[in-house]
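sequence unavailable; structure follows:
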């Protein structure tokens, strides 16, 4: 048996399935999309381990949200990415200047808001 085959077979079935799906997505990407994915991966690998762990934690929290809330957050992020770079930078700086307790308080507040309250919050 070849080393690759042995390594593959030693993976748990869930991991094998995840890798299969990733390979299928890769095959469907355009060259530009592949290049962007490679760049994101490179940036990911350059992050300090504690920052990667924080991102994993936030993603885990995100994946636990109801699909409608996930979609709302995706739309917010999309709108944020469409802002001019200087506005994005200013918002990031404003967020980062908040004490961690206040950031957590805002996250908790968001989680308890009704959809109408969230819409109103986003308008301001």
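Done, it's in. From a predicted model like this one, the values you see are computed outputs, not experimental measurements.

output the lowest mean pLDDT helix or strand found in the chain.
helix 115-123 (a mean of 74; mean pLDDT, DSSP states H and E).

how far does it sit from its chain's centre?
In terms of CA atoms, centre = their mean, to the nearest Å, the centre of helix 115-123 is found 22 Å from the chain centre.

what residues does it touch?
68, 72, 76, 110, 113 (CB atoms under 8 Å, 6 or more residues apart in numbering). Placement of C-beta: from N, CA and C, glycine included.

what mean pLDDT does the helix or strand hosting the fourth one have?
In other words, residue 110. For residue 110, the host element (DSSP states H and E) is helix 100-112. Averaged over helix 100-112, pLDDT sits at 87.

list of residues touching it?
So helix 100-112 is contacted by 95, 98, 118, 121 (CB under 8 Å, 6+ apart).

equivalent analysis for stretch 82-94, please.
Under the criterion CB under 8 Å, 6+ apart, residues 80, 81 lie in contact with stretch 82-94.

7 Å - rerun?
residue 80 (CB atoms under 7 Å, 6 or more residues apart in numbering).

okay, now the unreliable bits of the chain?
For the chain, applying pLDDT under 70 flags the ranges 1, 122-124.

all helices of it, in order?
For the chain, the helices defined by DSSP state H occupy 3-10, 13-28, 31-46, 49-63, 67-82, 85-97, 100-112, 115-123.
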